[in-house]
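K.L.:
Here's my sequence, what's the structure:
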Amino acid sequence: EPTCFERTNDIGGLWKFTETSKDGMTRVYRSLVTNVCKEMSCYSNFPFQEDYPNFMNQGKFWDYLREFAEHFDLLKYIRFRTTVRSVTKRPDFSETGQWDVVTETEGKQERAVFDAVMVCTGHYLNPRLPLESFPGKYQNSL
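P.N.:
This is a model prediction of the structure:
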């Protein structure tokens, strides 16, 4: 089963409006309206409801993200208020392909082993890519 670590207390990334921005995260403003129509913005397996406007405001789009997560029962896979502190290859990585992941939740650190890792920093966050830790053919081209 997948595990998603989310450092904030909710889903939605920049679509979740807050009055303040912290930790380098950009947020939408309350009056934002999308400039991409709903047919092009939806997930292919979860179209927007018919009564949604063609171009949505921030709140309506965030509602859609929440509906998607609830429809597919995704929230059970997310550990909120959890920051990933490190991702390193295990000593037997060449045989297993496994990773050690250290996370921190409310000041308490935990370590877990995963078969695969996806790093999803978000569209408007300055990524910190430890390229030496991630093997791959594109590593030298970045």
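K.L.:
Pop the domain breakdown of the protein in here.
P.N.:
Segmentation of the chain into domains, based on the TED database, reads 1-80, 81-121.
K.L.:
Ranked by average pLDDT, which of these falls at the bottom?
P.N.:
Ranked by mean pLDDT, the domains of the chain bottom out at domain 1-80, which scores a mean of 89.
K.L.:
Including mean neighbour count, could the domains of the chain go into TSV?
P.N.:
Heads up, the C-betas are built off the backbone N, CA and C, glycines and all. What follows is the domains of the chain, written out as TSV (neighbours: other Cβ atoms under 10 Å):
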stretch	mean neighbour count
domain 1-80	13
domain 81-121	12
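K.L.:
quick one, longest helix in this protein?
P.N.:
Ranked by residue count, the top helix of the chain under DSSP state H comes out as helix 58-71.
K.L.:
distance of Thr20 from Thr121?
P.N.:
Taking Cβ to Cβ, to the nearest Å as the measure, Thr20 and Thr121 are separated by 20 Å.
K.L.:
nope, Cys37 is what I was after
P.N.:
If you measure Cys37 against Thr121 using Cβ to Cβ, the figure is 27 Å.
K.L.:
repeat for Gln58
P.N.:
Note on Gln58: its distance to Thr121, by Cβ to Cβ, is 21 Å.
K.L.:
next one: Tyr64
P.N.:
22 Å.
K.L.:
Name the residues linked to the closest residue to Arg85 other than its chain neighbours by a beta bridge.
P.N.:
Nearest in space to Arg85, with sequence neighbours left out and distances taken as Cβ to Cβ, 6 or more residues apart in numbering, is Val102 at 4.5 Å. In this structure, Val102 has the following beta-bridge partners (DSSP bridges): Ser86, Arg111.
K.L.:
so what's Val102 up against?
P.N.:
For Val102, the set of contacting residues under the criterion of Cβ atoms under 8 Å, 6 or more residues apart in numbering consists of Val84, Arg85, Ser86, Val87, Gln109, Glu110, Arg111.
K.L.:
Which stretches in the protein count as helices?
P.N.:
For the chain, the helices defined by DSSP H cover 38-41, 58-71, 93-96.
K.L.:
what's the closest of those helices to Glu1?
P.N.:
Glu1 sits nearest to helix 58-71 of all these, at 15.5 Å, using Cβ to Cβ.
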